[in-house]
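Novice: have a look; sequence and predicted model below, questions after that.
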Amino acid sequence: MQLITKRMALAQVVFCQGCCCGHTDRGKPELPAEQLKEIWKVEKLNRTVQLTISGCLGPCDLTNVALVITPEENVWLGGMAGEEVYESIVTWARSCHAEGRVIPLPEVLTPLRFDRFQMKEVLL
């Protein structure tokens, strides 16, 4: 028998807050986790875009990593910093919630995208 969940979300956003990400005490950019959780709670965004604050997602060299999961793709983002970046995620989640469908991620996030499993040749 296959398990089926009754809690259907359109997408999920997973923010890393592990060994490096969000640790301003280590000189890393802030992850506004509490602010994000409050917005999701007040606006009931979890009904359509699940918010998860996670432990380490790796890769730590790209500090402040996030993963946006949709039925179509997994989008990895790294080097997230600044109000504009996080506000763009919030605005995207609000739009998905309002439209009842996954819309494309904002262009401001394009330079932060990376392929999590692409291997680069290391020259010795």
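Specialist: All right, it came through fine. Numbering: from 1, shown residues only.
Novice: for the rest of this, base every contact and every neighbour count on C-alpha atoms.
Specialist: Will do.
Novice: buried residues, stretch 14-29. List them.
Specialist: Burial within stretch 14-29, assessed by neighbour count using 16 or more other CA atoms under 10 Å, is assigned to 14, 15, 16, 17, 18, 20, 21, 22, 23, 29.
Novice: what residues does that stretch touch?
Specialist: Outside of stretch 14-29, the residues within contact range by CA atoms under 8 Å, 6 or more residues apart in numbering are 30-32, 51-57, 60, 63-68, 80-82.
Novice: from the chain's centre, how far out is that stretch? Work that out for me.
Specialist: 13 Å (CA atoms, centre = their mean, to the nearest Å).
Novice: ends of that stretch, what's the gap?
Specialist: Stretch 14-29 has an end-to-end distance of 17 Å (criterion: CA to CA, to the nearest Å).
Novice: C-terminal to the lengthiest helix in the chain, what's the next element?
Specialist: With DSSP state H applied, the helix covering the greatest number of residues in the chain is identified as helix 83-99. Taking DSSP states H and E as the definition, the helix or strand that follows helix 83-99 towards the C-terminus is strand 113-114.
Novice: direction included, what does that next one pair against?
Specialist: Each strand that pairs with strand 113-114, with its direction, by DSSP bridges: strand 74-77 (antiparallel).
Novice: quick check: buried residues in the strand it pairs with?
Specialist: When neighbours are counted by 16+ other CA under 10 Å, the buried residues of strand 74-77 are found to be 75, 76, 77.
Novice: excluding its backbone neighbours, what's nearest the last one?
Specialist: Nearest residue to residue 77 in three dimensions, chain neighbours excluded: residue 113, at 4.5 Å (CA to CA, 6 or more residues apart in numbering).
Novice: ok, now which ones touch that neighbour?
Specialist: Applying CA under 8 Å, 6+ apart, one finds that residue 113 lies in contact with 75, 76, 77, 78.
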